[in-house]
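1. Sequence plus predicted model, see below.
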Amino acid sequence: MKAKKKITAILAGGAALALLAGCASAGGGDQADGKITLNVWTFGGMGLDEAFAQYQEENPNITLKVTNAGGADEQAQSLTTALAGGKGPDVAAIEIGYMAQFKAQPQNFIDLNTLGAEDIKDSFLDWRWEQGVAANGAVVGIPTDVGGLAMAYRTDLFAAAGLPTDRDEVSALWPTWDDFIKVGEDYKAATGKGMVDNVSNSIYNAVVRQGDEMYYGNDETDLVYDKNKQVRKAFDLALDAVPISSRTGSFSEEWNAGMNNGDFAVLAAPAWMTTYISQQAPSTTGKWDVAAVPEDAGNWGGSQLTIPAKSAHPEEAFAFIQWLMSPEQQLAIFQAHGNFPSTPELYDSADIQDFTSEFFSDAPVGPIYAKSVKAIKPIYEGPQQRIIDTAIQNVINQVENGEEPAAGAWDAALKNVTTALKG
């Protein structure tokens, strides 16, 4: 459903704190007529604008004042600074890669158990719910979407390279990552171009999320990044795939342009990525399709909605989150923006199983992502997850760009991590 009214919004860059004056910590922004203002901090690409507008239309006593901090990194930094200063919005979205860092300080957030979180717990995937639970049992955040993996590809570019274009035939080309790289070599031989956008995005990020663990074992004290075979496998495969890369950095202007220009033909596509592609390359409608990811399922993305301790209106904030993340609204968000629901009761419904995407050549994205999500093996993410991830991927990027030799790159990555963790 699309609302008739537009939401009150503030768009900001990384310096979201400049917009904090009159925020929830002081109850600022509430109106003289008794209406309540909820300050909501999000980050780019969450696909929630229509839902925000609908909520405000259905709740005329509430004004949503939305600050989009830009990227998830900027959002995390702004929230860290705000909380350290004893401030914060009424609702803050936190990307999964940062969630462990924030839930390690549960005192900075309302324990949502005190507002009725237990009543909605069973609606969500168990492992996604646990990503918002602190060590002391406090529920710090409610899950948004889940980022089941698939591979998006350009059918026109595959046809020009003499490759199959049917999604089932394409999936059959790459049952393993070695097969995937071989397809990339065939594509490059036929076209002279790299098949994937870059190896960090479409190889490492996908492969590293296909194991039972990533950088941590079962808790925040159990660092396993240096001995986890899945991390090393992902790293080595990324280096092996450098020859089939177009070397186009993710979320850059060149990346967005490349989706339109055919600079690359394949990129890893968690569910939320499908909307990003359609927004950046609208003129390529019908030229894309969705195939299976090689080898196994994996999760990339998602966030939690939290209520900082300084919220002036925690009850109203929780009611808003409860409505926003209900199965009904998650379904609407998926159908409009591709964010796959974290509420499993929807997965076998006709609304999901019959859902297709015109942009992606009428691909059955509903069942494709439902199948992927059902097969995900949960991975524990620790408080320094993003720091480790960045340190490793920096070396991969350096090898890809010819700034670091492949020989000895793994040792360089481990040294990077050690330095980053000390910092």
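-> Ah, there it is.

2. can we go C-alpha only for contacts and neighbour counts from here?
-> Fine.

3. Helix or strand with the lowest mean pLDDT in this structure?
-> Least confident helix or strand, the chain: strand 9-11 with a mean of 31, by mean pLDDT, DSSP states H and E.

4. next helix or strand past that strand?
-> Using DSSP states H and E, the helix or strand that follows strand 9-11 in sequence is strand 36-42.

5. which helices and strands does that next one pack with?
-> strand 62-68, strand 91-95 (3 or more C-alpha pairs under 8 Å, 6 or more residues apart in numbering; DSSP states H and E).

6. Just checking: what are the partner strands of it?
-> Sheet pairing of strand 36-42 (DSSP bridges) gives strand 62-68 (parallel), strand 91-95 (parallel).

7. helix, strand or coil for the spatially most central residue of the chain?
-> By C-alpha atoms, centre = their mean, the chain has its centre lying nearest to Gly301, at 2.5 Å. Three-state call for Gly301 (DSSP: H, G, I helix; E, B strand; the rest coil): coil.

8. Break this structure into its domains for me.
-> Segmentation of the chain into domains, based on automatic domain parsing, reads 9-147+301-346, 151-296+384-422.

9. now those domains in TSV, with distance to Tyr369?
-> Shown next, in TSV, are those (distance: least, C-alpha to C-alpha, whole Å):
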stretch	distance to Tyr369
domain 9-147+301-346	7
domain 151-296+384-422	7
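
10. Mind listing what's buried along stretch 370-385?
-> 370-373, 376-385 (16 or more other C-alpha atoms under 10 Å).

11. still on that earlier bit, go through the domains of the chain and name the closest to Thr356.
-> Closest to Thr356 of those is domain 9-147+301-346 (C-alpha to C-alpha; 9.1 Å).

12. Can you show me the helices along the stretch 51-200 of the chain?
-> 72-84, 96-103, 126-130, 155-160, 167-173, 177-191, 199 (DSSP state H, counting those that start in this stretch).

13. Quick one, which of those gets closest to Leu239.
-> When the helices of the stretch 51-200 of the chain are compared (using C-alpha to C-alpha), the closest one is helix 199, at 7.5 Å.

14. what's the closest one packed up against?
-> Using 3+ C-alpha pairs under 8 Å, 6+ apart, helix 199 is in contact with helix 385-400.

15. From the contact counts, what lies against the helix it packs on?
-> Judged by 3+ C-alpha pairs under 8 Å, 6+ apart, the packing partners of helix 385-400 are helix 96-103, helix 199, helix 229-240, helix 409-422.

16. Next, the angle helix 385-400 makes with the last one.
-> What it means is helix 409-422. Helix 409-422 runs at 150 degrees relative to helix 385-400, counting by axes from the mean of the first three to the mean of the last three C-alpha atoms, to 10 degrees.

17. Off-centre distance for helix 409-422?
-> 25 Å (C-alpha atoms, centre = their mean, to the nearest Å).

18. In contact with the residue lying closest to Ala152 once chain neighbours are set aside, which residues?
-> Distance criterion C-alpha to C-alpha, 6 or more residues apart in numbering; nearest residue to Ala152, sequence neighbours excluded, is Val290 at 4.6 Å. By C-alpha atoms under 8 Å, 6 or more residues apart in numbering, Val290 lies in contact with 150-153, 167, 360, 363, 365.
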